[in-house]
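1. What follows is a predicted structure for the sequence shown.
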Amino acid sequence: MTKTNLPHLDQRVDLAAAFRWTARLNMHEAVANHFSLAINDDGTQFLMNPNQMHFSRIKASDMLLIDANDPDTLSGPNAPDLTAWGLHGAIHRHCPHARCAMHVHSIHATVLACLEDSDLPPIDQNSATFFNRYVIDNHYGGLAFEEEGERCAAQFQDPKKTVMIMGNHGVMVIGETVAETFNRMYYFERAAETYIRALQTGQKLRVLSDAIAEKTAQELEGYPEQADKHLSELKAILDSELSDYAS
C-alpha cells in the first residue's frame, strides 16, 4: 500500500522498484551498492538506499534524504554507508547533470572492468548504444571514501559520458531519471555479457564501423519512451504480485 504522505513519493517508488528488480536480475552485491536520485535543482539533495539493507527488501519509505553539502551527515541517526557518501555525495555535489546515479558490481560489467583493455567495442546493437558514451577509470584507489569519490566524480564532467567503467571495481551509470538510468544500467550489463561471451569463443569479432555505431546510438537515444515503459512494466509486475515496494 502506497504511503501518499511521503515527500517525493513518485521518485521513491521508482527507486524502490529499481532496487527490487536489480536484485531479481542478480545484479546486486549482498547489502552493498547504492542508487541515488537528486530532488533539488542543483542536485545536492538526493534520495538513497539505507545503509546495508538488501535491495530485495527496500521500500519507498526506506529512502534516506541526504544533503551532499552537509558535513554532519555521517554523524546523524540515519547516516549512509561511508562509501555511498563518498561516491554518490561527490557525484551529486559536482555533477548536477547526474540526477540519478546507480552503482553496481554486476558480474559482466565487472569482468569487463577487470580486463587490461576495458573498452566495449560495438559488436551488436546493445554495445553500440554506448559508443563514445562511457569513460574508463584506470586508477582504482581502494574503497570509495571521500577522496576516491571526488576523483571518480571528476571523470563525469562530459555530459555525453553516462557510464563509468570503474577499473578493478564495477560500473557507475548516471542519467536524468530513475527509468533512464536503470534502463541504461540494464543494457550495459547485457552488452558486457554479450562481449564477454563473444570473447570466450576465441573467434574474431565482427565489429561495427564507427559511423554505424554512432548512428545506432543516436537512434536508440531518440527511441520514444523506451526507458519509461521498461520501468512501468516492472512496476506493473510488482504491483500484480502485491509487492510492498511502494509502501
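-> That came through, no problem. Residues are numbered from 1 along each chain as shown.

2. who's in contact with the closest residue to residue 154 other than its chain neighbours?
-> Spatial nearest neighbour of residue 154, excluding adjacent residues (Cβ to Cβ, 6 or more residues apart in numbering): residue 94 at 7.1 Å. All C-beta atoms are positioned from the backbone trio N, CA, C, and that covers glycine. By Cβ atoms under 8 Å, 6 or more residues apart in numbering, the residues touching residue 94 are 150, 153, 154, 156.

3. What segments of this structure are strands?
-> For the chain, applying DSSP state E gives strands covering 34-38, 45-48, 64-67, 100-104, 134-137, 163-166, 170-175.

4. Can you tell me which helices and strands the last one packs against?
-> By that I understand strand 170-175. Judged by 3 or more Cβ pairs under 8 Å, 6 or more residues apart in numbering; DSSP states H and E, the packing partners of strand 170-175 are helix 82-94, strand 100-104, helix 107-114, strand 163-166, helix 178-200.

5. Out of the ones you listed, which gets nearest to residue 129?
-> Comparison of the helices and strands packed on strand 170-175 against residue 129 by Cβ to Cβ identifies helix 178-200 as nearest, at 5.8 Å.

6. now the closest one and strand 170-175, what's the angle there?
-> 140 degrees (axes from the mean of the first three to the mean of the last three Cα atoms, to 10 degrees).

7. same question for helix 178-200, mean pLDDT?
-> Helix 178-200 shows a mean pLDDT of 98.

8. same check, this time on stretch 223-238
-> In the prediction, stretch 223-238 has an average pLDDT of 96.

9. what about that stretch, distance to the chain center?
-> Stretch 223-238 sits 16 Å away from the centroid of its parent chain (Cα atoms, centre = their mean, to the nearest Å).
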